[in-house]
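>>> Here is a sequence with its predicted model. Questions after.
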Amino acid sequence: MEQETELFLAPDGAELAARVRELIRADSGAILRFASAIAETGQVPQPAIARASSEEVSAIDRLSPDIVRAELTRTLVSRHVHLALQFLHDVGVIAKLLPELEATVDFSQEAGRKHKDVWEHTKQVVRQSVPNPTVRWAALLHDIGKVPTRTFTADGKVHFHGHAEVGARMFDRISRRLGIESPFRQKVRFLILHHLRAGQYSASWTDSAVRRFDREMSENLADLLDLSRADITSKRPGRRQELLRQIHELAERIQTVRELDAKQPPLPTGLGTAISERYGIPPSRKIGELKQALEDAVEEGLLEERRESEYYLEWLDKSGLV
């Protein structure tokens, strides 16, 4: 990348543009390394470099998916990623490699408000997120589903119903095109699919609801919370702080419930034995299914937590499951 950064210091003009075109023709990855250099140094290249890169952007077609992924990831995890992303858009690389993302440029989330442009929002989210490849790839693509799902109501409001689900399916195509393999692919897809979930939290959630959220997010919980924090870009006074407090409260609730469950599980110890004795069921999958039904009932608020075994057996008596 030294050659690319050296060119940043060369005098602007036709001679520089010619040198850049020659470099790109000899090395198809040069344009992506320009972006990496921008992301790492924060230095915006001379206009001649951008102009020549745009003229030779077809060189990207000769790169293998492995090289593309490696260079894009290197750019994504760097400090000045937002400048690099704008460069990649300006020279036509985003349109070639990620047309789903290119479609978000100048795509408004709310009429008349520039900061609600999906592309501008996306760059900010990527920049604000932790420099973790999984989180930053998810941040880059988390809102691509807004383009095909945008609808307007009679009162002029904009909606994007199901955009997380649509975005996850769009990512499936991107991952095949770029050769993104599991488990990384699955993690990024999971974050795109669930990126709205933490924002739905409220203090009214029961411990059961918090426990269910924790279980469903599983090993992706920390990354999801990091993405959720980064996804807050509101400019309304106090709104950003309010939403960050909400995510912080959710994280604390999860930890509190985990500690409580470690001391005393929601269902009493020995409940499986009590079920076996009550209904004459030998140790089997059936007992596990009945205990799962009880856990589900607790999470849905149909049953209280941490009661005596008889309380849960009486519910099974009436449930028709036995």
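That came through, no problem.
>>> How about the backbone phi and psi for residue 106?
Note on residue 106: its backbone torsions stand at phi 60, psi 20 [degrees, to the nearest 10].
>>> Report the contact partners of the residue nearest to it when sequence neighbours are not counted.
Once flanking residues are discounted, residue 106 sits nearest to residue 117: 6.2 Å by Cβ to Cβ, 6 or more residues apart in numbering. Glycine gets a C-beta too; all of them are placed from N, C-alpha and C. Contact analysis of residue 117 by Cβ atoms under 8 Å, 6 or more residues apart in numbering lists 104-109.
>>> Show me what residue 117 bridges to in the sheet.
residue 108 (DSSP bridges).
>>> measure it to residue 107 for me?
Separation of residue 117 from residue 107 (Cβ to Cβ, to the nearest Å): 7 Å.
>>> swap in residue 235?
Residue 235 is 18 Å from residue 107, by Cβ to Cβ.
>>> what mean pLDDT does the strand or helix carrying residue 165 have?
Element membership of residue 165, judged by DSSP states H and E, is helix 163-178. The pLDDT scores in helix 163-178 average 98.
>>> Please enumerate the strands of this protein.
151-152, 158-159 (DSSP state E).
>>> buried sites along the longest helix that the chain contains?
Counting residues, the longest helix found in the chain (DSSP state H) is helix 239-263. Going by neighbour count (16 or more other Cβ atoms under 10 Å), the buried part of helix 239-263 is 243, 246-247, 250-251, 253-254, 257.
>>> Quick one: buried ones out of the contacts of residue 117?
104, 107-109.
>>> Name the residue most distant from the centre of the protein?
Within the chain, the residue lying farthest from the chain centre (Cα atoms, centre = their mean) is residue 280, at 47.8 Å.
>>> Which members of the contacts of residue 117 are the farthest-apart pair?
105 and 109 (12.7 Å; Cβ to Cβ).
>>> so what's in contact with those two at the same time?
Common neighbours of residue 105 and residue 109, counting by Cβ under 8 Å, 6+ apart, are 117-118.
>>> where are the low-confidence patches of the protein?
Scanning the chain for pLDDT under 70 picks out the ranges 1, 110-116.
>>> Break it down into its structural domains.
The chain breaks down into these domains under automatic domain parsing: 1-97, 271-319.
>>> hmm, back to that, tell me which of the strands of the chain sits most buried.
strand 158-159 (a mean of 13; mean count of other Cβ atoms under 10 Å).
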